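Asks: Build me a structure from this.
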Amino acid sequence: MSAHVYKKIEIVGSSTSSIEEAVNNAMAKAAESIRNIRWVELVETRCHVEDQKIAYWQVTCKIGFTLDEN
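Replies: Numbers count the residues shown, from 1 in each chain. Below you'll find the predicted structure:
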């Protein structure tokens, strides 16, 4: 078995309904162009406020994935 080499990127997902959906939205978008995703690390959670109410959730995620072997 060969050793894996990983890369991490940082993205921000958002949702008007929940933190979990914000993470899922980020993952779904990342999966469109990144293969071999292995983990998601939640770095920061915040919400945008409009008229004294939460308008949407924002979650900063670090996504780890393995690089293709040649």
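Asks: now the strands for the chain?
Replies: 6-15, 37-50, 53-66 (DSSP state E).
Asks: Mean neighbour count, the ones you listed: which tops it?
Replies: Of all the strands of the chain, strand 53-66 has the most neighbours on average by mean count of other Cβ atoms under 10 Å, namely a mean of 16. In short, each C-beta sits where N, CA and C put it, glycine included.
Asks: Point out the other helices and strands that that one packs with.
Replies: strand 6-15, helix 19-31, strand 37-50 (3 or more Cβ pairs under 8 Å, 6 or more residues apart in numbering; DSSP states H and E).
Asks: quick one: strands adjacent to it?
Replies: Sheet pairing of strand 53-66 (DSSP bridges) gives strand 6-15 (antiparallel), strand 37-50 (antiparallel).
Asks: Report the distance from that strand to the chain centre.
Replies: How far strand 53-66 lies from its chain's middle: 5 Å, per Cα atoms, centre = their mean, to the nearest Å.
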